[in-house]
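Engineer: Sequence isn't available, so here's the structure alone:
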């Protein structure tokens, strides 16, 4: 079946000597494409420059239902980043978030709300200047679409149980408390437009990121250790 769809590049894998396998999140769900000979041809329409992590594309593709790799016939940028190529911080954020999404998005089903959230989020990253808290806001919002957003019924309780995703009156092995729960509560309800109002120092930002990564690890069975995390921490330090 030939379809035209927007697509977000998640991961690129070299296949043999001249081909690539590209994993994308599309308006039709999670899809993987085999780009035959793309590394060995300078004249083809499918340039490798299109397939960078979290690039926002418009593609014409052949989607099959046989469990085999799909193919791309045509590709163009649906949104061209204007500031990210000039920012080491933003580039590092894209690599980090692409790795998070690669481990988080495992179901192939269509989820247009999730697709629209991702698509708009990365445009927002491109256009904003103060993006120190972007990845924190993004990760927490992503949990809404993955099904484990924190229950906020008892915000006054002193502990947050990461395993259960709720606030409690008692401590447990997967609870956060004290100063950590204070910054976690402050993140709840923050949007991209007001993320600059969340005043965090370097230590608090690192602690909050560690909490969110732990939260993902507890709720997603396929979530692995993030190789890009050390790069992100180096850049922010």
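Structural biologist: Perfect, thanks for sending it. Keep in mind the model is a prediction, meaning the values are calculated, not measured. Numbering: from 1, shown residues only.
Engineer: By mean pLDDT, point me to the weakest helix or strand of the chain.
Structural biologist: Here the helix or strand of the chain ranked lowest by mean pLDDT, DSSP states H and E is helix 229-236, holding a mean of 85.
Engineer: now that helix, how far from the chain's geometric center?
Structural biologist: Counting by CA atoms, centre = their mean, to the nearest Å, helix 229-236 is centred 16 Å from the centre of its parent chain.
Engineer: same check, this time on stretch 152-164
Structural biologist: Centre-to-centre, stretch 152-164 and its host chain are 25 Å apart (CA atoms, centre = their mean).
Engineer: Please work out which residues outside that stretch touch it.
Structural biologist: Applying CB atoms under 8 Å, 6 or more residues apart in numbering, the external contacts of stretch 152-164 come out as 150, 166-177, 181, 184-185, 188, 211, 214-215, 218. (C-beta placed from N, C-alpha, C; glycine too.)
Engineer: Return the members of the residues you listed classed as buried.
Structural biologist: Buried by 16 or more other CB atoms under 10 Å: 150, 167, 175-176, 181, 184, 211, 215, 218, out of these.
Engineer: Residue 138: which of those residues is nearest?
Structural biologist: Among those, residue 215 lies closest to residue 138 (CB to CB), at 13.3 Å.
Engineer: mind listing what that closest one touches?
Structural biologist: So residue 215 contacts 143, 148, 162, 165 (CB under 8 Å, 6+ apart).
Engineer: mind giving me a markdown table with the residues you listed and columns for pLDDT and distance to residue 70?
Structural biologist: Putting the contacts of residue 215 into a markdown table (pLDDT from 0 to 100; distance: CB to CB, whole Å) gives the following:
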| residue | pLDDT | distance to residue 70 |
| --- | --- | --- |
| 143 | 97 | 28 |
| 148 | 96 | 29 |
| 162 | 96 | 36 |
| 165 | 95 | 35 |
